[in-house]
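S.K.: Here is a sequence together with a model predicted from it:
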Amino acid sequence: MKSTNDFQTSNPEMVTISRAEYEEKNARLASQDERISRLESQIELLTEALRIARHKRFGASSEKTDESFMEQLSFLFNEAEVFSTAEKEEPEATDGAGHKRHKKHTYTLDTIPEGIPTKQVEHRLEGEDLVCPQCGDTMTEIGKEVVKTLEIIPAQYIVREDIYYTYACKSCSENADEGCETPVVKAPREKNIIPGSFATPEAIAHIMTQKFVMGSPLYRQEQEINRQGIQLSRQTMSNWILKVTEDYLTPVYKQLHKELLKRDVLHGDETTLQVLHEPGKAPQSESYMWLYRTSGDTDKPIVLYEYQPGRGAKHPKEFLAGYKGYLHTDGYQGYHSLPEDITVVGCWAHARRKFDEAVKSLPKGKAKGSSASQGLAYCNLLFEIEQGLAEKTAKERYNERLKQAKPVLDAMFAWANSKTAAPKSALGKAFTYLNEQWPYLTNYLKDSRLELSNNRAERSIKPFVIDRKNFMFANTPKGAKGSAIMFSLIQTAIENGLDPYQYLTWLLKNTNKADLKNPDMPEKLLPWNAPAGCRTK
């Protein structure tokens, strides 16, 4: 009979190894397990990012309307075809529940604004066409039908000739032999908007409007003007708009800046801008266009842009020097180092966007009941409460926020602190944003004039972002600063219900005649002091 030791040494499945080899093997297995876990985590994060990217590119967004979806389609297909198909009239119908679906609005010319010329073309029968086919007598008019159509005439180019006459005294001229000098008087000459140039306020206002409102770069305007037989280079147009910006628009911009700092509630945002010839920086580096604007508590809105070579916290601190009040911002840390007199108000739209991305990062069917969907539900509830308070008075809104919104905020904060998620995951980023921004996100409860989001600033910076897609970059810092001033005056004019072309024309004509060194003059040229003729039709 064999001993136990004999069985252990002869069993082919049992191998004797040293303790050092055993520990080395366990360490290697633990390292492999750790590596596998790390790779699985990376795969999960990348899969999340892929789902979010796919949804951004192909999926529908709850923050976008049907109209914006149609705008997206226009980039893929023919724009005329897309909107023509979308606006076909459909007969009124009912759905399964018996509710009527209303027809799309049909545009007519029944209401024509003042100032729009009307051309009447009369169509009458003459000669043999007036003979009655029944009895042969001449027919008389018994009524008429008016059919309104719209004619669009392209921009007209007019060369204006100012003729200044010279006058002399005939009597003095006849008595010249007696030592009488003949006085010569000339008609007073109007000051050119740009000395030595053939530019006019109307021409410059049109160029600015086309570039900064319609998004038409100078090279396209040059092509259009040249097709009319007028030789006007983009360099000349650029010199014109920069010259009048420096001489005439800058004082008005500075006055708007002073007015802005007097307000109690502001919004701020920033976006990138490439400047090719920025001293000390490569052409590929990013500069920034900053935005500051008034909130919805005023009937004299102001929208100001400021160019800066960087995104440092010193830039808003310098621009807002002396300001005391509230500033709506996104989560950028640079705003959080502002002086104590400025109370930063966070943006719940950004917080909601984080949870929305977390929901979209989940696999199909996993979103319901998830922490991401719960966080999104909390955010949506806050927006629903705010929407219900839109028609309330300031005092009622303040009290109702404390009554309705504050309990939701308290519950959300307690809920978020009880949850955990991988820091680099979409949900982890949403929780991190919520915790870091919480003091600023709850500041909107302090004043009824404050808003739940910073969407007002995002809407104001969007025109610049759209225009940037056309001109791509600025050539020099001087051009970028000039663009900021022009954008500011144009967007402020639009916010105040003005036609930007009419306002710029009026502004340039008046600044050309005015003494801008007079400290009271720029205030008289602000958008809300413009005449009624500058208002939109």
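M.R.: Good, I have the coordinates.

S.K.: Could you give the number of residues near residue 33?
M.R.: By other CB atoms under 10 Å, 10 other residues sit near residue 33. Heads up, the C-betas are built off the backbone N, CA and C, glycines and all.

S.K.: Model confidence score at it, please.
M.R.: With respect to pLDDT, residue 33 scores 76.

S.K.: tell me the contacts of it?
M.R.: By CB atoms under 8 Å, 6 or more residues apart in numbering, residue 33 lies in contact with nothing.

S.K.: same thing with residue 516?
M.R.: 248, 251, 522.

S.K.: Which of the residues you listed has the largest number of neighbours?
M.R.: For the contacts of residue 516, neighbours tallied by other CB under 10 Å; top is residue 248, 23 neighbours.

S.K.: Helices of the stretch 201-350 of the chain, start to end?
M.R.: Secondary structure of the stretch 201-350 of the chain (DSSP state H, counting those that start in this stretch): helices at 201-212, 218-227, 234-244, 250-260, 314-319, 348-360.

S.K.: Quick check: buried residues in the third one?
M.R.: This points to helix 234-244. For helix 234-244, a neighbour-count test (16 or more other CB atoms under 10 Å) marks 234, 237, 238, 240, 241, 242, 243, 244 as buried.

S.K.: For the first one, which non-adjacent residue is spatially closest?
M.R.: Across the structure, with CB to CB, 6 or more residues apart in numbering as the measure, the residue nearest residue 234 apart from its sequence neighbours is residue 218 (3.9 Å).

S.K.: Return the backbone torsion pair for residue 426.
M.R.: Backbone geometry at residue 426, expressed as degrees, to the nearest 10, gives phi -60, psi -40.

S.K.: Any idea how many residues pack against the closest residue in space to residue 356 that isn't next to it in sequence?
M.R.: Nearest residue to residue 356 in three dimensions, chain neighbours excluded: residue 376, at 5.8 Å (CB to CB, 6+ apart). By other CB under 10 Å, 24 other residues sit near residue 376.

S.K.: where's residue 376, which helix or strand?
M.R.: In this structure, residue 376 sits in helix 371-388 according to DSSP states H and E.

S.K.: so where do the helices sit in the stretch 351-500 of the chain?
M.R.: 371-388, 394-400, 406-417, 426-441, 455-471, 477-495, 500-513.

S.K.: most neighbours per residue, which of those?
M.R.: helix 477-495 (a mean of 22; mean count of other CB atoms under 10 Å).

S.K.: could I get it in CSV with only the CA atoms?
M.R.: What follows is helix 477-495, C-alpha atoms only, in CSV (Å, rounded to 0.1, in the frame of the first residue of the first chain):
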residue,chain,number,x,y,z
PRO,A,477,-6.2,92.3,-33.7
LYS,A,478,-7.3,95.8,-35.0
GLY,A,479,-9.8,94.1,-37.4
ALA,A,480,-11.0,91.8,-34.6
LYS,A,481,-11.6,94.8,-32.3
GLY,A,482,-13.4,96.7,-35.1
SER,A,483,-15.6,93.7,-35.7
ALA,A,484,-16.5,93.5,-32.0
ILE,A,485,-17.6,97.2,-32.1
MET,A,486,-19.6,96.8,-35.3
PHE,A,487,-21.3,93.6,-34.0
SER,A,488,-22.1,95.4,-30.8
LEU,A,489,-23.9,98.4,-32.4
ILE,A,490,-25.7,96.2,-34.9
GLN,A,491,-27.0,93.6,-32.4
THR,A,492,-27.9,96.3,-29.9
ALA,A,493,-29.9,98.1,-32.6
ILE,A,494,-31.7,94.9,-33.5
GLU,A,495,-32.5,94.2,-29.9
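
S.K.: Return the list of helices and strands in contact with it.
M.R.: Helix 477-495 is packed against helix 201-212, helix 234-244, helix 250-260, strand 265-275, strand 287-294, strand 303-308, helix 455-471, helix 500-513, with contacts defined by 3 or more CB pairs under 8 Å, 6 or more residues apart in numbering; DSSP states H and E.

S.K.: in the chain, what spans have low per-residue confidence?
M.R.: The model of the chain has pLDDT under 70 over residues 1-15, 40, 42, 44-45, 48-49, 51-52, 54-107, 176-179, 470-473.

S.K.: mind giving me the domain ranges of it?
M.R.: Structural domains assigned to the chain are 201-254+477-534, 347-451, following automatic domain parsing.

S.K.: Pick out the residue nearest the middle of the chain.
M.R.: Note on the chain: the residue nearest the mean C-alpha position is residue 462, at 1.8 Å, using CA atoms, centre = their mean.

S.K.: still on that earlier bit, which one of the buried residues of helix 234-244 is nearest residue 190?
M.R.: If you rank the buried residues of helix 234-244 by distance to residue 190 using CB to CB, residue 244 comes first, at 15.8 Å.

S.K.: Number of residues surrounding the closest residue to the closest one other than its chain neighbours?
M.R.: For residue 244, ignoring the flanking residues on the chain, the nearest one in space by CB to CB, 6+ apart is residue 204 at 5.6 Å. Neighbour count for residue 204, taken as other CB under 10 Å: 23.

S.K.: So residue 204 is in contact with residue 242, correct?
M.R.: No. If you go by CB atoms under 8 Å, residue 204 and residue 242 don't touch, sitting 10.5 Å apart.

S.K.: Correct me if wrong: residue 245 contacts residue 488.
M.R.: No. Judged on CB under 8 Å, residue 245 makes no contact with residue 488 at a distance of 10.3 Å.

S.K.: What residues does residue 521 make contact with?
M.R.: Contacts of residue 521 by CB under 8 Å, 6+ apart are 251, 514, 515.

S.K.: May I see the domains of the chain organised as TSV, with distance to residue 183 added?
M.R.: Shown next, in TSV, are the domains of the chain (distance: least, CB to CB, whole Å):
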stretch	distance to residue 183
domain 201-254+477-534	27
domain 347-451	65
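
S.K.: so what's residue 168 closest to, chain neighbours aside?
M.R.: Sequence neighbours aside, residue 184 is the residue nearest to residue 168 in space, at 5.0 Å (criterion: CB to CB, 6+ apart).

S.K.: Roughly how far does that neighbour sit from residue 458?
M.R.: Going from residue 184 to residue 458 by CB to CB, to the nearest Å gives 63 Å.

S.K.: same deal with residue 118?
M.R.: Counting by CB to CB, the gap from residue 118 to residue 458 is 41 Å.

S.K.: Repeat that for residue 306.
M.R.: Look at residue 306 and residue 458: by CB to CB, they are 17 Å apart.

S.K.: What sits closest to residue 409 if chain neighbours are left out?
M.R.: residue 442 (5.9 Å).

S.K.: For the one you found, the count of nearby residues, please.
M.R.: 17.

S.K.: Let me know the distance separating it from residue 382.
M.R.: In terms of CB to CB, residue 442 sits 11 Å off from residue 382.

S.K.: Find the residues that touch each one of these two.
M.R.: Joint contacts of residue 442 and residue 382 (CB under 8 Å, 6+ apart) are residue 409.

S.K.: I'd say residue 362 and residue 369 touch.
M.R.: No. Using CB under 8 Å, residue 362 and residue 369 do not qualify as a contacting pair, with a distance of 10.7 Å.
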